[in-house]
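>>> Sharing a sequence plus its predicted fold:
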Amino acid sequence: MKLATFQFQQTTHIGAVLDQVIVDAAADPTLPDNMIDFLAQGDTALNRLQALIDSGKSQIPLEQVRLLAPIPRPGKFLGISLNYADHIGETGLDKPDYPTFFTKQSSCVIGQNAAIEIPVVSEKVDYEGELAFVIGKRCKHVPLASAADVIAGFTIVNDVSVRDWQIRSPTWMLGKSFDTHGPMGPWLVTRDEIDDPHNLHLETWVDNERRQCANTRQMIFNCYEMIAYLSQAMTLEPGDVIATGTPAGVGVKMKPRGYLKSGQTVRIEIEKIGQLTNPVREEII
């Protein structure tokens, strides 16, 4: 199932995407009106939404809605650094012994077709195409063998980074959290739709130039290892988003630098999920 958060007639809804229509969950008053609460209900909510899909009711043409990020304000939005060998190679850094995570503030999240802004304080804005997984169950100390069970689904994230601000702090948080620098979407594909998240083709395009081309099997730490590691330290909760790192091809390592410019469009494609597309513009103050 493709789960989406969307705006229709000035109101935010959740639902399921089917080809060129979206099934509005609001038709069933027992279903929550936001994605985090929906995921927290697990199979109960999924089964009710499936019944609504099967009824053929409450279908809205996709062209009439505006897709938002599937999780517009995640409780946690984490990224992992240096998780593809080819990206480590282009940075010249050493392979990490342990997963290294950073926080993106949830206020940076935007959805499909929303604009990435070049802030007035920097022109060194970079893209990072990434697979992300979303937690579906509150959990702590998750065994590696059970980690798949706590994943609700998968989506695409562009870990937009302001490189000069990123290197000012060892935590990277400021350079990763500018407003509009967390594109996510276009929807959340439930776990049952993806047999192996560690064998998905990924590409990032800036306009008509392919900048990144990789497969998620090249990750150093896989999704399940990340969950097992993180959950030793913190309770993971429904709607938490973890981006799994970016492969080689980032703009900062191009010669000349391939930073984003106003008027460009970034498109990230991941097999079995779809395309996340965002235009780039100057920040409007």
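Yes, it's here.
>>> Check which residues of stretch 220-238 are buried.
By 16 or more other Cβ atoms under 10 Å, the buried positions in stretch 220-238 come out as 220-224, 226-231, 236-238. (Each C-beta comes from the backbone N, C-alpha and C, glycine too.)
>>> ok, so what distance separates D240 from M226?
11 Å (Cβ to Cβ, to the nearest Å).
>>> R138 too?
As judged by Cβ to Cβ, R138 and M226 stand 17 Å apart.
>>> What of I118?
Between I118 and M226 the distance is 31 Å, computed by Cβ to Cβ.
>>> which helices and strands does the lengthiest helix in the chain pack with?
The single longest helix within the chain, with elements called by DSSP state H, is helix 43-55. Judged by 3 or more Cβ pairs under 8 Å, 6 or more residues apart in numbering; DSSP states H and E, helix 43-55 is in contact with strand 11-18, strand 21-24, helix 35-40.
>>> need the ones you listed in CSV with mean neighbour count, can you?
Listed next are the helices and strands packed on helix 43-55 as CSV, based on neighbours: other Cβ atoms under 10 Å:
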stretch, mean neighbour count
strand 11-18, 19
strand 21-24, 22
helix 35-40, 22
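>>> Kindly reformat these as a markdown table containing mean pLDDT.
Shown next, in a markdown table, are those (pLDDT from 0 to 100):
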| stretch | mean pLDDT |
| --- | --- |
| strand 11-18 | 98 |
| strand 21-24 | 98 |
| helix 35-40 | 98 |
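>>> Mind putting those into TSV with distance to V280?
TSV is the format used below for the helices and strands packed on helix 43-55 (distance: least, Cβ to Cβ, whole Å):
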stretch	distance to V280
strand 11-18	25
strand 21-24	27
helix 35-40	26
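>>> Tell me which of these approaches E269 most closely.
Distance to E269, taken as Cβ to Cβ, is lowest for strand 11-18 among the helices and strands packed on helix 43-55, at 16.5 Å.
>>> and Q41, how many residues sit next to it?
For Q41, the count of nearby residues is 17 (other Cβ atoms under 10 Å).
>>> Settle this for me: it is touching T30, isn't it.
No: in this structure, Q41 is not within contact of T30 by Cβ atoms under 8 Å, at 9.5 Å.
>>> which parts of the helix or strand containing E203 are buried?
Assigned by DSSP states H and E, E203 belongs to strand 201-206. By neighbour count with 16+ other Cβ under 10 Å, strand 201-206 contains the buried residues 202-206.
>>> N215: which of those is nearest?
Checking the buried residues of strand 201-206 against N215 with Cβ to Cβ, the nearest one is L202 at 6.8 Å.
>>> Go ahead and confirm that closest one touches G249.
No: using Cβ under 8 Å, L202 makes no contact with G249, being 10.2 Å away.
>>> got any residues that touch both of those two?
Here L202 and G249 have 212-214 as joint contacts, going by Cβ atoms under 8 Å, 6 or more residues apart in numbering.
>>> ChimeraX command to pick out the buried ones of those?
The buried residues among those can be selected in ChimeraX (16+ other Cβ under 10 Å) with this line:
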select :212,214
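>>> Next step: the shared contacts of L202 and G249 restricted to strands.
Residues of the shared contacts of L202 and G249 located in strands (DSSP state E): 212-214.
>>> can you give me the helices for this protein?
35-40, 43-55, 85-91, 163-166, 173-176, 223-230.
>>> end to end, how far does stretch 165-175 reach?
4 Å (Cα to Cα, to the nearest Å).
>>> Residue numbering should commence at 36 henceforth.
Noted, 36 is the first residue going forward, which turns the last one into stretch 200-210.
>>> State the mean pLDDT of that stretch.
In this model, stretch 200-210 has a mean pLDDT of 94.
>>> All good on my end, thank you.
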